[in-house]
Structure formats: structure tokens, C-alpha cells
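# okay, sequence plus prediction incoming.
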Amino acid sequence: MLRLMLLRHAKAEADSAEGDHSRRLSPRGMQDVTHLGDYLAGESLLPDLILASSATRTAMTMTGLLAIWPEHVAVRLISTLYNAGASALLDEIHRQRGDARTLMLVGHNPGIAELALGLTGSGDRYALARLRQKFPPCALAVLDFASDSWGEVAPGEGRLERYLTPGPLEAAP
């Protein structure tokens with residue numbers, strides 16, 4: 001079994017003098033990352049490998065999570081994931097080799113949301129209904145696949161294990 005965690009970067013500043021790629025996380029975004037990181041650590045829901053867009057806001061999201069987690073997680077910043085569409089994100093997933101059984105992809109909308117919807121074939125129907133409504137900043141879709149290779153991950157084959165958004169995480173004890 002493989003587990004794919006699709007995370008949209010946390011809330012970012014509206015703009016940056018250096019351009020979109022350099023937008024930093026807002027204070028609210030940093031707070032949301034802290035809540036998500038605490039939740040994932042508490043649930044022992046940690047990836048073996050993180051693939052992240054090279055944009056500042058995705059790198060800050062990933063760095064914020066890593067600062068909270070008790071274990072080391074391998075990381076790759078990949079420039080082609082910046083604002084990538086669902087098919088390009090899936091191509092990157094298919095290229096993964098090695099021991100990672102749980103992969104986290106940190107990226108941007110609409111690609112992350114489209115990929116999550118496209119890969120989901122079953123799972124929690126309430127979580128899927130929420131996923132279909134919106135995929136806000138710092139939202140996370142966790143999908144399980146009955147595959148042994150990332151190259152076998154295919155549309156409609158994922159089981160939505162959970163879908164997390166920042167609001168409910170903030171209220172969690």
C-alpha cells in the first residue's frame with residue numbers, strides 16, 4: 001500500500017515586490033502550518049519524502065512542518081512543481097522510486113485540488129463532499145493506493161482516507 005498526502009501551501013501574503021514565486025506565508029498561514037504539523041505528529045501521519053514546489057510559500061509551509069515533527073523527513077524542492085497542473089504533478093509522482101511508502105506533495109491550486117479529485121475513487125463520502133467544495137490554503141487530502149509502485153498510481157484508484165482543512169484543526173485540542 002502507498003499513501004499520498006496532497007497539501008496546498010498555507011495562506012500567503014497577497015503580493016510580493018519580487019513577484020508571485022517569492023510570496024511569503026502570512027501570519028495566519030504560519031499559524032495554520034503549526035496546527036497541521038501538530039495534528040500530523042499527534043496522529044503519527046508523517047511522510048517518508050516531501051516533494052515541494054520551489055516557491056517561497058511552499059518551502060515555508062514545508063519548513064514549518066519539519067520544525068514540528070520529531071523525525072527526519074527527506075525533502076526535494078522541484079521548480080517544475082510551481083503552479084503545475086494535475087497531469088504534471090501526477091507525472092512527478094510516477095517518477096518516484098525508492099523506499100518512500102508515504103509521499104507528501106506540497107503545491108498550488110488548482111493543480112493540487114484537481115489531482116486530489118482525479119485520483120479519488122472511494123473513501124469517506126463526507127470528506128469527499130468537502131473536498132469537492134473547496135481546497136483552501138493548508139488543506140490536506142490523504143489518499144491510499146493498493147499499489148506497490150508510484151508508477152501504478154492512477155486516476156480513480158485512490159481511497160480518500162481523510163481531508164483536513166485549517167479551521168477544524170485550529171479547534172482541535
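Good, I have the coordinates. Numbering: from 1, shown residues only.
# doesn't D144 belong to a helix?
No: D144: not assigned to a helix; according to DSSP: H, G, I helix; E, B strand; the rest coil it is strand.
# neighbours around the nearest residue to it once chain neighbours are set aside, how many?
Excluding its sequence neighbours, the residue lying closest to D144 (CB to CB, 6 or more residues apart in numbering) is R159, at 4.7 Å. Using the backbone N, CA and C atoms, a C-beta is placed for each residue, glycine as well. R159 sits with 17 neighbouring residues when counted by other CB atoms under 10 Å.
# dump the residue contacts of the residue of the chain most remote from its centre.
Most distant from the centre of the chain: A17, at 26.4 Å, with distances by CA atoms, centre = their mean. Contact analysis of A17 by CB atoms under 8 Å, 6 or more residues apart in numbering lists nothing.
# any idea how far it lies from R24?
Per CB to CB, to the nearest Å, A17 is found 11 Å from R24.
# so where do the strands sit in this protein?
For the chain, applying DSSP state E gives strands covering 2-8, 49-53, 74-78, 102-107, 120-123, 140-145, 158-164.
# a markdown table for these, including mean pLDDT?
Shown next, in a markdown table, are the strands of the chain (pLDDT from 0 to 100):
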| stretch | mean pLDDT |
| --- | --- |
| strand 2-8 | 97 |
| strand 49-53 | 94 |
| strand 74-78 | 91 |
| strand 102-107 | 96 |
| strand 120-123 | 94 |
| strand 140-145 | 97 |
| strand 158-164 | 96 |
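# could the ones you listed be laid out in JSON lines, adding distance to A86?
Conversion of these to JSON lines gives the following (distance: least, CB to CB, whole Å):
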{"stretch": "strand 2-8", "distance to A86": "10"}
{"stretch": "strand 49-53", "distance to A86": "14"}
{"stretch": "strand 74-78", "distance to A86": "15"}
{"stretch": "strand 102-107", "distance to A86": "10"}
{"stretch": "strand 120-123", "distance to A86": "12"}
{"stretch": "strand 140-145", "distance to A86": "12"}
{"stretch": "strand 158-164", "distance to A86": "13"}
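# closest to E43 out of those?
When the strands of the chain are compared by CB to CB, strand 158-164 sits nearest E43, at 8.9 Å.
# adjacent strands (with direction) for the closest one?
With DSSP bridges as the test, strand 158-164 is paired with strand 120-123 (parallel), strand 140-145 (antiparallel).
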